[in-house]
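Q: Provide a 3D model corresponding to the input given below.
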Amino acid sequence: MNINLRTEGLFHRDQLESWVLSRQLAINKAVGDGMRAFVPGVKAAVRTQAQQGLKIKKRQFLQTFSAKVFDRKPRVLPVMYVYNATRWAGIHEHGGTIRGPLLIPLLGDKRIGRKAFRRIVTDLLRTGNAFFKQVNGKTILFAENIRENSRGLSGFKRAERTRSGAKRIKRGQEVPIAVLVPRVTLKKRLRIGDTVRREVPRLAALIQTRLNS
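A: Reported below is the predicted structural model:
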């Protein structure tokens, strides 16, 4: 996900070519320095918005929201990109539909990483301890609560106890793991573009300060 915004007012791009090289280099340096000074603040603002929008607290994920400045060409104004390094975050900025079939983990309000979930499901299917059943018109993946599955099923057993109100999951009991769906529609949960736009006046002020120094 890239956020690409453009603002003008300090000077116009088409006028840059008419200035002498020394002036171009000075402007380039001022803009680049201003952008680099701006990066920490905008990263913090974007990560805060992502944390609030996605309800994710893991620092490792929040750090995938970042910003970079590109200013190596002296005759071209620097560019700053605000972006997310994951492949799927962009859909939360605009909303949309992901077509499946997809397995959605039944963990209540808990989360599990894609790789960890895939590993658990793969192990269960490979050992023959997982199976699909139709429940109230839904296709549910179950696993039998046996000793071999104990470690991988811990989170799913906890979620099942919460749903059913049971104090414990008995040995041999079927535990729901995931629901199979044809598609998932996601609502807009991020406002990264709006967050960056609100920060642009501060960026302009930082650049202006360096131009005047």
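Q: tell me the SS of G172?
A: Following DSSP: H, G, I helix; E, B strand; the rest coil, the label given to G172 is coil.
Q: mind checking the longest helix of this structure?
A: Counting residues, the longest helix found in the chain (DSSP state H) is helix 21-54.
Q: Give me the helices and strands touching that helix, please.
A: Contact partners of helix 21-54 among helices and strands, from 3 or more C-beta pairs under 8 Å, 6 or more residues apart in numbering; DSSP states H and E: helix 59-62, strand 65-70, strand 79-84, helix 192-212. (C-beta placed from N, C-alpha, C; glycine too.)
Q: how far off helix 192-212 does that helix point, in degrees?
A: Computed with axes from the mean of the first three to the mean of the last three C-alpha atoms, to 10 degrees, the direction of helix 21-54 lies at 150 degrees from that of helix 192-212.
Q: average model confidence for helix 21-54?
A: Per-residue confidence for helix 21-54 averages out to 91 on the pLDDT scale.
Q: on that earlier part again, which one, of the helices and strands packed on helix 21-54, ends up nearest to R151?
A: Distance to R151, taken as C-beta to C-beta, is lowest for helix 59-62 among these, at 22.6 Å.
Q: Mind listing what's buried along that closest one?
A: In terms of neighbour count (16 or more other C-beta atoms under 10 Å), helix 59-62 has its buried residues at 61-62.
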